[in-house]
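Enquirer: What follows is a predicted protein model with its sequence.
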Amino acid sequence: MDVCRVIVDPEPMPGAWNMAVDEALLESVVAGGPPTARFYRWDRATLSLGYFQARRSAPPGRFAQLPIVRRLTGGGAIVHDRELTYSCTLPASHPLALDPHRLYTEVHKKVIARLSDFAFVAALRGAREVTHQHEFLCFARRDDFDVVMGDFKVLGSAQRRRKGAVLQHGSLILRRSEWAGEFPGVFDCAGRDVPASELIETLADSIASLAAPRCRHTAISPEEHSRASFLASRVSPEIAEINK
């Protein structure tokens, strides 16, 4: 585990594909593949449901026009729109895979540090009362590990484990979405913005450094691509076109 792959998707993609790639990367690390840090975006505003959420629990009509996908991870629903999304996969033998709380904390601290490089002031919410855990939307819930700017949650993450290996992924809101306008993003809170590409570059390498001392920028393997295409096509026939 001296090298962590860094994957930055070149183009925004459909939600079914985004979730399928994360699942393929988790399967890969379970099978002995390398740890991976990935950043990706969404080709349209999309609602992702937590693994245990019922679709009927969505507020009637509010998200009716959005594509809906289901995440591998739990937690509340997320409107993926004007954001950066990350994932990291670690094998069962990695020290950070042993303690879910530590992995949340270390990844979120890295994000906070990189935001500070751009003079964005963020912090962990810290040991306050955990509240609103039954809210439909993730960003309406409050947890110790949230990254906040003021009292606004700008980053939330969730995990899935298989055979001790772990997938953690999360959403960093940049700008409020028209579909979830009550949640401002980093640029809204700060009153200014920076190129998203610059944020992705520094964030990806920083998160990768938690997994291994060296990083290697690459794409998903042909085998992972094929597996992701299969997984996504089960819920979204349009994804079958990606391999053609």
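Expert: Arrived safely, thanks for sending. Residues are numbered from 1 along each chain as shown.
Enquirer: Isn't Leu115 up against His108?
Expert: No: using CB atoms under 8 Å, Leu115 is not in contact with His108; the gap is 10.5 Å. Every residue, glycine included, has its C-beta placed from N, CA and C.
Enquirer: Quickly find the element holding Phe187.
Expert: helix 186-190 (DSSP states H and E).
Enquirer: for His225, same thing?
Expert: Assigned by DSSP H and E, His225 falls in helix 222-233.
Enquirer: buried set for that helix?
Expert: Glu224, His225, Arg227, Ala228, Ser229, Leu231, Ala232, Ser233 (16 or more other CB atoms under 10 Å).
Enquirer: following the helix holding Phe187, which helix or strand comes up?
Expert: helix 196-211.
Enquirer: List the buried residues for that next one?
Expert: Here helix 196-211 shows Ala196, Leu199, Ile200, Glu201, Leu203, Ala204, Asp205, Ser206, Ile207, Ala208, Leu210, Ala211 as buried, counting by 16+ other CB under 10 Å.
Enquirer: Let me know the closest of those residues to Gly150.
Expert: Of all those, Gly150 sits closest to Leu199, with 19.3 Å by CB to CB.
Enquirer: who's in contact with the closest residue to the closest one other than its chain neighbours?
Expert: Leaving out its chain neighbours, the residue that sits closest to Leu199 by CB to CB, 6 or more residues apart in numbering is Leu84, at 6.4 Å. Applying CB atoms under 8 Å, 6 or more residues apart in numbering, one finds that Leu84 lies in contact with Phe39, Arg41, Ser171, Leu172, Leu174, Ala196, Leu199, Ile200, Leu203.
Enquirer: Just give me the least confident of the buried residues of helix 196-211.
Expert: Lowest-confidence member of the buried residues of helix 196-211: Glu201, scoring 91 (pLDDT).
Enquirer: In space, what's closest to that one - neighbours in sequence excluded?
Expert: Using CB to CB, 6+ apart, the nearest residue to Glu201 is Val8, at 7.8 Å.
Enquirer: separation between that neighbour and Ala37?
Expert: Counting by CB to CB, to the nearest Å, the separation of Val8 from Ala37 is 9 Å.
Enquirer: And Asp117, by the same measure?
Expert: 17 Å.
Enquirer: and what of Pro184?
Expert: Taking CB to CB, one finds Pro184 at 26 Å from Ala37.
Enquirer: Just want to know which of those two has more residues nearby.
Expert: Ala37 (27 against 19; other CB atoms under 10 Å).
Enquirer: ok so that one is a helix residue?
Expert: No: according to DSSP: H, G, I helix; E, B strand; the rest coil, Ala37 belongs to no helix; its state is strand.
Enquirer: Work out the gap between stretch 17-37 and the centre of the chain.
Expert: Between the centre of stretch 17-37 and the centre of its chain there are 13 Å (CA atoms, centre = their mean, to the nearest Å).
Enquirer: Can I get it as PDB, trimmed to CA atoms?
Expert: Presented in PDB, the C-alpha positions along stretch 17-37 are these (Å, rounded to 0.1, in the frame of the first residue of the first chain):
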ATOM      1  CA  TRP A  17     -22.600   5.500 -13.500                       C
ATOM      2  CA  ASN A  18     -21.200   7.500 -10.600                       C
ATOM      3  CA  MET A  19     -22.600   5.100  -8.100                       C
ATOM      4  CA  ALA A  20     -21.600   2.000 -10.100                       C
ATOM      5  CA  VAL A  21     -18.000   3.100 -10.400                       C
ATOM      6  CA  ASP A  22     -17.700   3.600  -6.600                       C
ATOM      7  CA  GLU A  23     -19.200   0.100  -6.200                       C
ATOM      8  CA  ALA A  24     -16.700  -1.400  -8.700                       C
ATOM      9  CA  LEU A  25     -13.800   0.300  -6.900                       C
ATOM     10  CA  LEU A  26     -15.000  -1.200  -3.600                       C
ATOM     11  CA  GLU A  27     -15.200  -4.600  -5.200                       C
ATOM     12  CA  SER A  28     -11.700  -4.100  -6.600                       C
ATOM     13  CA  VAL A  29     -10.100  -3.300  -3.300                       C
ATOM     14  CA  VAL A  30     -11.900  -6.200  -1.600                       C
ATOM     15  CA  ALA A  31     -10.200  -8.400  -4.300                       C
ATOM     16  CA  GLY A  32      -6.800  -7.100  -3.500                       C
ATOM     17  CA  GLY A  33      -6.700  -4.000  -5.700                       C
ATOM     18  CA  PRO A  34      -5.000  -0.700  -4.600                       C
ATOM     19  CA  PRO A  35      -6.500   2.000  -2.500                       C
ATOM     20  CA  THR A  36      -8.100   4.700  -4.600                       C
ATOM     21  CA  ALA A  37      -9.200   8.300  -4.200                       C
END
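Enquirer: With that, I have no additional questions.
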